[in-house]
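[1] pasting the sequence and the predicted coordinates here, then a few questions.
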Amino acid sequence: MRAPDVVSIERVTVADGRAKALVCVSAGAPLRTSAYPGLPTAVRASLPGVARHTCVCGSARGIEAELDDTELPHLLEHVALELMALAGSPRSLAGETVWDFVTDGRGVFRVSVAYDDDLVALAALGEAAAFVNRLVAAPGDAPDPADYVARVAAARTA
Amino acid sequence: MTPTQSGDSGHKITINDVRHHAEEVRDLARAEVRRVSHTDPARVVAYAVVGVLVVASVAYYLGSRRCPPCDAGS
């Protein structure tokens, strides 16, 4: 039986050169990656390119330390950016994760990524959510990222 | 003792009186120093703890992570 998804994308809008997703962490689930043993390590092992990412507001110790203890949707953002990069998008694309629990409710995050192809960005967000949920459920059984990348790349318009 | 005259009131102030007042003032000053030195650090710590809790609460409810472009080429 498949474990319930911890992160889910409720809505995606495309505007101003960004794909903006409303990402929810399921009620009662921990919000931070540090609460999921093995998850950050599994992400780094599957997608070593995330080590090349940067993050302004995160840990002063670097992106890897940041992803060891950050919000799940922030991890999703970096996974989406990496899937896009592996699918042929430039690494010059930026991302952002913001939250306002007072207005949106606990566990609701707004993740946005810039794109060179909006369909690629939409696919990357969806595949990133699936990727993170898969690793949350079974961090020791990392999926082949090539499958996810292939589906993102397939969304690219000619 | 050497009594001194205090103007036209006729009241005499002795050196002992002056010394006694000086000692009272000294004791009051010491007590005040003790009070300040004991209570202020506690207050500072309390204010700091409250400040940290407020910042942590705000950070929990409201926040952002901005991730600029990667520093490496694709």
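    Looks like it came in fine.

[2] and the helix or strand hosting residue B:20, what does it pack onto?
    Using DSSP states H and E, residue B:20 sits within helix B:15-61. For helix B:15-61, the elements it packs on are helix A:101-104, judged by 3 or more Cβ pairs under 8 Å, 6 or more residues apart in numbering or on different chains; DSSP states H and E. C-betas here are computed from N, CA, C, even on glycine.

[3] centre of the chain to the very next helix or strand once past the helix it packs on, how far?
    Downstream of helix A:101-104, the first helix or strand assigned by DSSP H and E is strand A:108-114. For strand A:108-114, the distance from its own C-alpha centre to the chain's C-alpha centre is 9 Å (Cα atoms, centre = their mean, to the nearest Å).

[4] repeat that for stretch B:19-30.
    Centroid separation between stretch B:19-30 and its chain, computed with Cα atoms, centre = their mean, is 21 Å.

[5] dump that stretch to PDB, restricted to CA.
    C-alpha atoms of stretch B:19-30 as PDB (Å, rounded to 0.1, in the frame of the first residue of the first chain):
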ATOM      1  CA  ARG B  19      30.700  61.400  59.200                       C
ATOM      2  CA  HIS B  20      27.400  59.700  60.100                       C
ATOM      3  CA  HIS B  21      25.600  61.300  57.100                       C
ATOM      4  CA  ALA B  22      28.500  60.400  54.900                       C
ATOM      5  CA  GLU B  23      28.300  56.800  56.000                       C
ATOM      6  CA  GLU B  24      24.600  56.700  55.400                       C
ATOM      7  CA  VAL B  25      25.100  58.100  51.900                       C
ATOM      8  CA  ARG B  26      27.800  55.500  51.300                       C
ATOM      9  CA  ASP B  27      25.600  52.700  52.500                       C
ATOM     10  CA  LEU B  28      22.700  53.800  50.300                       C
ATOM     11  CA  ALA B  29      25.000  54.000  47.300                       C
ATOM     12  CA  ARG B  30      26.400  50.600  47.900                       C
END
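
[6] where does residue A:56 sit: helix, strand or coil?
    coil (DSSP: H, G, I helix; E, B strand; the rest coil).

[7] what do you get for the one 5 residues further on?
    Three states are possible here, and by three-state DSSP the one that applies to residue A:61 is coil.

[8] what's the local residue count around it?
    Using other Cβ atoms under 10 Å in any protein chain shown, residue A:61 has 9 other residues around it.

[9] residue B:56 too?
    10.

[10] so what's it up against?
    If a contact means Cβ atoms under 8 Å, 6 or more residues apart in numbering or on different chains, then residue B:56 has no contacts.

[11] what's the pLDDT at it?
    Here, the pLDDT recorded for residue B:56 equals 79.

[12] the helix holding residue B:20: how far from the chain's middle?
    Distance, centroid of helix B:15-61 to centroid of chain: 4 Å (Cα atoms, centre = their mean).

[13] with stretch A:95-110 instead?
    Relative to its parent chain, stretch A:95-110 has a centroid offset of 14 Å by Cα atoms, centre = their mean.

[14] roughly how far does residue A:154 sit from residue A:115?
    15 Å (Cβ to Cβ, to the nearest Å).

[15] residue B:25 and residue B:31, how far apart?
    Residue B:25 is 11 Å from residue B:31, by Cβ to Cβ.

[16] ugh, typo on my part, it should be residue A:53
    60 Å.

[17] low pLDDT regions in chain B?
    For chain B, the stretches with pLDDT under 70 are B:1-10, B:36-39, B:70-74.

[18] hmm, back to that, next helix or strand past the helix holding residue B:20?
    strand B:62-67.

[19] and residue A:53 and residue B:31? Which one has more around it.
    Neighbour totals were compared for residue A:53 and residue B:31, and residue A:53 leads with 26 against 10 (other Cβ under 10 Å).
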